[in-house]
Structure formats: C-alpha cells, structure tokens
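> Pasted the sequence and its predicted model underneath.
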Amino acid sequence: MNRGGRGRAGGFVAPGMVALVTDAADAPQPEFRSDVTVELVRASASDSDVLFAARVSTQGEQTLEAAAAGTEASARDRGLINYLMRDRHGSPFEHNSMTFYVQAPIFVFREFMRHRIASYNEESGRYRELRPVFYVPARERNLNQVGKPGAYEFLPGTDEQHALVEVATRDSATFAFAAYQRMLEAGVAREVARIVLPLNIYSSMYVTMNARSLMNFLSLRTKVEGTHFPSFPQREIEMCAEKMEAFWRELMPLTHAAFNANGRVSP
Ligand SMILES: Cc1cc2nc3c(=O)[nH]c(=O)nc-3n(C[C@H](O)[C@H](O)[C@H](O)COP(=O)(O)OP(=O)(O)OC[C@H]3O[C@@H](n4cnc5c(N)ncnc54)[C@H](O)[C@@H]3O)c2cc1C
C-alpha cells in the first residue's frame, strides 16, 4: 500500500535486502533535538495543603475553615513543615497534585515510569504514526564515564568523540526512520513497523504526582550538592527533573526549602 503516493527506493541495498530509503520530497525528514519539554498543565498544590493535613491530628474540625478557604501559609508555618520533613512525617505532603506534560526520548520515559507512585498517559505508537524527532546529545553533555557502578562521574568528551556521537546518532536514527516509513508504506501495521525505531525517538506523556512522590523522584533523579543520599542520575532524566522542580518550587516554596534544608530526603 502506498500512503499518499510517496516515492521510494534509493539508498544502500545489499543483495536480498529491500531498499530502505524513501526519496520523495514529501517524506518526513528526521528532526534532532538536544532538550526536553516540561510544562505544568494543572496543579492543586500549596504549602497550606501540607499544614491543614498535619494539623488535623491535633485540631480536628478546627482546621476545616482554613483548609476550605485555602488560607496562605505564613512564614511562621515554616517550622511545622520543616519538622514534618525532618522527622519524615510524609503523608501531609500527599494532599496535592501536579500534572506535567513531558516530551523526552523514550530512554528517559523508560526510567521515568519506574516511579510507580505517579499516574501516566503516553502517546501510542500503535494508534498514531510516530513523528521523526530524535535526541542527539548537545556539545555540553559529558561523554566519558569514569568510576564504578553506583558512583560514576561523567567528564567532557573530546571533539572527536562529540563528532562521532553526532554522526552515529543522526545516521542510525535516519536509517531506522526510513525503514519504519518503508514498512508503513508497504501496509505493515504501526505496531510492527515501530519495532525498528531507536530509544532516542521522542515521545510525549502526562504525568501526575503529588509532592511526596515528586520529592522521591527528585531525590533519585537529580544530583545536588549537599544531598544526604547522593544519586547518580542519567543526565537526560535529570533535565526533566530540574524543570519539574522549578515549577514545584514556585507552587510550594516552604516545602521546597524544607526538602533542601533536610538533605533532599523524601519524607
Ligand atoms: C541512579 C539510578 C540507577 C538505577 N539503576 C537501575 C538498574 O540498574 N536496574 C533497575 O531495574 N532499576 C534501576 N533504577 C530504578 C530504581 O531501582 C527504582 O525503580 C526507581 O528509582 C523508582 O524508585 P522508587 O521505587 O523509589 O519509586 P516509586 O515506584 O515511585 O515508589 C516510591 C516509594 O513507594 C514505595 N513503594 C513503591 N512500590 C512499592 C512496593 N512494591 N513495595 C514496597 N514499597 C513500595 C517505596 O518506598 C518507594 O521508594 C535506578 C534508579 C536510579 C535513580
């Protein structure tokens, strides 16, 4: 089946292989990005949500008015939030919700979705044709891994290494996407054709977390000086985590400050 009359052929063809490269002018061309997108879609999250949830244990119904009114937290409330964080009373940090829209390569989503205390919906490679957008590391992305498992350090790459990564990434993504297109044009189902696509193709999803699960995510997926239990995240998921943290810091500044002051340990 030829979808839209695209031309085909061209490219390298070994004996016994089918041509993989489409040469039609309207064939989608691969795009390359080195960043991730994170948008805050919706949030119901404030420091006062933590306070009324904590105070119900000693004040019962007296907390209802403040909770219903969404009363702003004051600087004097900082002490209670800090105490909850320090002593790891985690449940008051659950009465809130943040929904993020994320665009990132699939290898990032694979790590992301290990965080089970979150809700996810991702675009489907079965129900839609995937867009040819691929990740290629930026020049500032460190390339050399030294150290041992659990404590790797990443150091800058040489110019030659960067050139190799750039060319190899672009070539393999272009080749794989041409194979995908070729199969779609031949009428092969999207769910089968997609199996040749690489992990650096971008996907998109909504993820919803509360502050407690976000803190667990941030404690594991960011590397920040002064953290009690340092983690060694892959840089690309850390890029997502940093953007999510920036939104959260705006919404819950006292909670965010207490998280940092207590070594970024999830309560
Ligand atoms: C640097 C790094 C390297 C990693 N390397 C690997 C690797 O090589 N291989 C690999 O498979 N994974 C790896 N992971 C993933 C890791 O093991 C976790 O799956 C991931 O970080 C999610 O953490 P989490 O379970 O705390 O998060 P969530 O699933 O969001 O859980 C949050 C918290 O809820 C509780 N919880 C959730 N589910 C359960 C449960 N079933 N039982 C009891 N308590 C539960 C726990 O307290 C947990 O901390 C790595 C993660 C990092 C950060």
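Received it, and whenever you're ready, just let me know what you need.
> alpha carbons only for contacts and neighbour counts from here, please
Will do.
> where along the stretch 1-150 of the chain do the strands fall?
Here the stretch 1-150 of the chain has its strands, by DSSP state E, counting those that start in this stretch, at 31-33, 37-44, 97-105, 119-122, 133-135, 144-146.
> which of these is buried the deepest?
strand 133-135 (a mean of 23; mean count of other Cα atoms under 10 Å).
> Excluding covalently adjacent residues, which one is nearest to Ala118?
Of all residues not flanking Ala118 in the chain, Met209 sits nearest, at 4.9 Å (Cα to Cα, 6 or more residues apart in numbering).
> For that neighbour, give me its contacts.
Taking Cα atoms under 8 Å, 6 or more residues apart in numbering, we find Met209 in contact with Ser97, Met98, Thr99, Ile117, Ala118, Ser119.
> So the fifth one sits against Thr208, correct?
Yes - if you go by Cα atoms under 8 Å, Ala118 and Thr208 touch, sitting 5.6 Å apart.
> mind listing what Asn144 touches?
Phe154, Leu155, Pro156, Gly157.
> Model confidence score at the residue lying closest to the third one once chain neighbours are set aside, please.
Think Pro156. With sequence-adjacent residues excluded and distances taken as Cα to Cα, 6+ apart, Pro156 is closest to Asn142, at 4.3 Å. Asn142 carries a pLDDT score of 96 in this model.
> what about Asn142, neighbour count?
Other residues near Asn142 come to 16 when the count uses other Cα atoms under 10 Å.
> Equivalent analysis for Glu140, please.
Other residues close to Glu140 by other Cα under 10 Å number 9.
> now swap in Thr169 and tell me
18.
> buried set for stretch 150-162?
Across stretch 150-162, burial judged by 16 or more other Cα atoms under 10 Å covers Phe154, Gly157, His162.
> Let's see which of these end up in strands.
Cross-referencing the buried residues of stretch 150-162 against strands under DSSP state E gives Phe154.
> Which residue in the buried residues of stretch 150-162 has the weakest pLDDT?
Among the buried residues of stretch 150-162, Phe154 has the weakest pLDDT, 92.
> what's the weakest-modelled helix or strand in the protein?
Lowest on mean pLDDT, DSSP states H and E among the helices and strands of the chain sits helix 64-69, with a mean of 77.
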